[in-house]
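Asker: sequence first, predicted coordinates after that:
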Amino acid sequence: MVGFAPTNQKFDYVVVILMENVALGTIMNGTSAPYMKGLANNYSLALHFSGIAHPSLSNYLALLSGQPFISWGPSDCGPSGDTGACTAGNATNLVDRLEAAHLTWKAYAEDYPANVIGKFHSSGGCYLGEEGPGNFYGRHVPFLYFNDIIDNPARCARVVPANSVMSSSQETPDLFLKDLNSVSTASNFMWLTPNGLDDMHDSTVAFGNKYLSTVVPQILNSTLFRTQKAALFIDFDEGVNPFPSDWIYAVWAGPLVKTGYQSSTHYSQYSFLATIEQNWGLRPFTSNDVNWPSMFEFFK
């Protein structure tokens with residue numbers, strides 16, 4: 001149930017899917033992603049949406065905290081269960097803001113391990129390995145980098161597997177989709193991390209397009225999206241170009257979103273965070289999310 005509703009609230013529920021390492025032009029100008037191209041043309045597309053930094057991890061963390069932690073250096077690093085890992089420490093994050101406003105959240109990750117000895121946090125219960133069975137990447141689940149999440153059993157219980165059965169090819173995030181089909185099981189903020197194949201990290205654009213062409217229609221046809229004020233945001237962590245013109249695919253979809261709409265306004269990962277903050281009246285984190293515009297123009 002929604003805890004706080006500002007007068008300009010655009011949605012009560014939001015679903016976020018983050019894909020990997022593909023520029024906007026590859027999706028929209030190529031022939032390998034017809035479903036994604038159609039989704040962008042039918043709903044709302046940000047033509048100038050950029051990442052925050054290279055490599056990937058800084059963009060994931062910026063989406064949750066308003067800062068990229070770029071001091072870690074040029075390489076991605078896993079959460080604290082592995083040697084050479086890194087942590088966001090005690091930094092305030094979106095979970096803190098959501099819970100303070102009495103809003104619910106849940107993070108789903110494909111192939112998230114159910115039990116791997118030695119990689120689970122001793123007190124919280126979160127899995128903290130950089131990689132796991134199947135095609136799981138811990139560094140694609142930013143919730144696992146914040147101390148007040150991984151040290152908290154109740155919060156770790158909300159970082160969960162998206163799928164009940166691991167496949168040798170494409171996953172079906174059935175546990176995630178099941179929660180979307182009941183208002184009582186859906187959370188206000190729902191994050192889905194596809195595995196390394198489905199998010200294009202270790203596969204092709206065509207493979208990721210096929211994955212989204214299967215999953216997204218089920219999201220948009222779910223009970224939540226048919227009966228509640230729900231929105232879907234699909235984004236990539238980064239593209240391939242130098243900053244700030246690192247244009248990546250960023251699409252809002254669902255019944256609340258404008259159709260056939262495009263914007264040339266320059267947005268970034270911080271803009272998504274600003275959108276969440278302004279929608280639910282949450283306090284900003286840093287000057288980063290304060291200074292970037294929200295994405296309210298994409299909503300009816």
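Answerer: Yep, that arrived. Numbering: from 1, shown residues only.
Asker: residues touching the strand or helix carrying Asn59, excluding its own?
Answerer: Under the criterion DSSP states H and E, the helix or strand holding Asn59 is helix 56-65. Applying C-beta atoms under 8 Å, 6 or more residues apart in numbering, the contact partners of helix 56-65 are 16, 18, 20-21, 51-53, 67-70, 72, 76-77, 88, 91-95, 139-143, 145-146, 237-238, 269-270, 272-273, 285, 288. C-beta: built from backbone N, CA, C; applies to glycine.
Asker: buried ones in the helix or strand that it is followed by, by neighbour count?
Answerer: Downstream of helix 56-65, the next assigned helix or strand under DSSP H and E is helix 94-100. By 16 or more other C-beta atoms under 10 Å, the buried positions in helix 94-100 come out as 94-98.
Asker: equivalent analysis for stretch 33-48, please.
Answerer: The neighbour-count check on stretch 33-48 (16+ other C-beta under 10 Å) flags 33, 35-37, 39-40, 43-46, 48 as buried.
Asker: which positions within stretch 146-160 qualify as buried?
Answerer: For stretch 146-160, burial by neighbour count (16+ other C-beta under 10 Å) applies to 146, 148-152, 155-156, 158-159.
Asker: what's the closest non-adjacent residue to Leu144?
Answerer: Pro79 (4.1 Å; C-beta to C-beta, 6 or more residues apart in numbering).
Asker: in this structure that neighbour contacts Tyr137, no?
Answerer: No: if you go by C-beta atoms under 8 Å, Pro79 and Tyr137 don't touch, sitting 10.2 Å apart.
Asker: overlap in contacts, these two.
Answerer: By C-beta under 8 Å, 6+ apart, Pro79 and Tyr137 have these common neighbours: Glu130.
Asker: tell me the mean pLDDT for the longest helix along the chain?
Answerer: Counting residues, the longest helix in the chain under DSSP state H turns out to be helix 205-220. Mean pLDDT, helix 205-220: 98.
Asker: and it, what does it pack onto?
Answerer: Helix 205-220 sits against strand 13-19, helix 34-42, helix 174-180, strand 230-236, with contacts defined as 3 or more C-beta pairs under 8 Å, 6 or more residues apart in numbering; DSSP states H and E.
Asker: on the C-terminal side of it, identify the next helix or strand.
Answerer: Heading C-terminal from helix 205-220, the first helix or strand you meet, by DSSP H and E, is helix 223-227.
Asker: give me the pLDDT value at Ser164.
Answerer: 91.
Asker: got the contact list for it?
Answerer: Each residue near Ser164 by C-beta under 8 Å, 6+ apart is listed here: 174-175.
Asker: where does it sit relative to Leu103, distance-wise?
Answerer: Here the criterion is C-beta to C-beta, to the nearest Å. By it, Ser164 lies 26 Å from Leu103.
Asker: and the buried residues of stretch 33-48 as JSON lines, adding pLDDT?
Answerer: Formatted as JSON lines, these follow (pLDDT from 0 to 100):
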{"residue": "Ala33", "pLDDT": "98"}
{"residue": "Tyr35", "pLDDT": "98"}
{"residue": "Met36", "pLDDT": "98"}
{"residue": "Lys37", "pLDDT": "98"}
{"residue": "Leu39", "pLDDT": "98"}
{"residue": "Ala40", "pLDDT": "98"}
{"residue": "Tyr43", "pLDDT": "98"}
{"residue": "Ser44", "pLDDT": "98"}
{"residue": "Leu45", "pLDDT": "98"}
{"residue": "Ala46", "pLDDT": "98"}
{"residue": "His48", "pLDDT": "95"}
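Asker: mind listing what's buried along stretch 234-243?
Answerer: Going by neighbour count (16+ other C-beta under 10 Å), the buried part of stretch 234-243 is 234-239, 241.
Asker: so how far is that stretch from its chain's centroid?
Answerer: 14 Å (C-alpha atoms, centre = their mean, to the nearest Å).
Asker: go on, stretch 180-187?
Answerer: What separates the centre of stretch 180-187 from the centre of its chain is 18 Å, taken as C-alpha atoms, centre = their mean.
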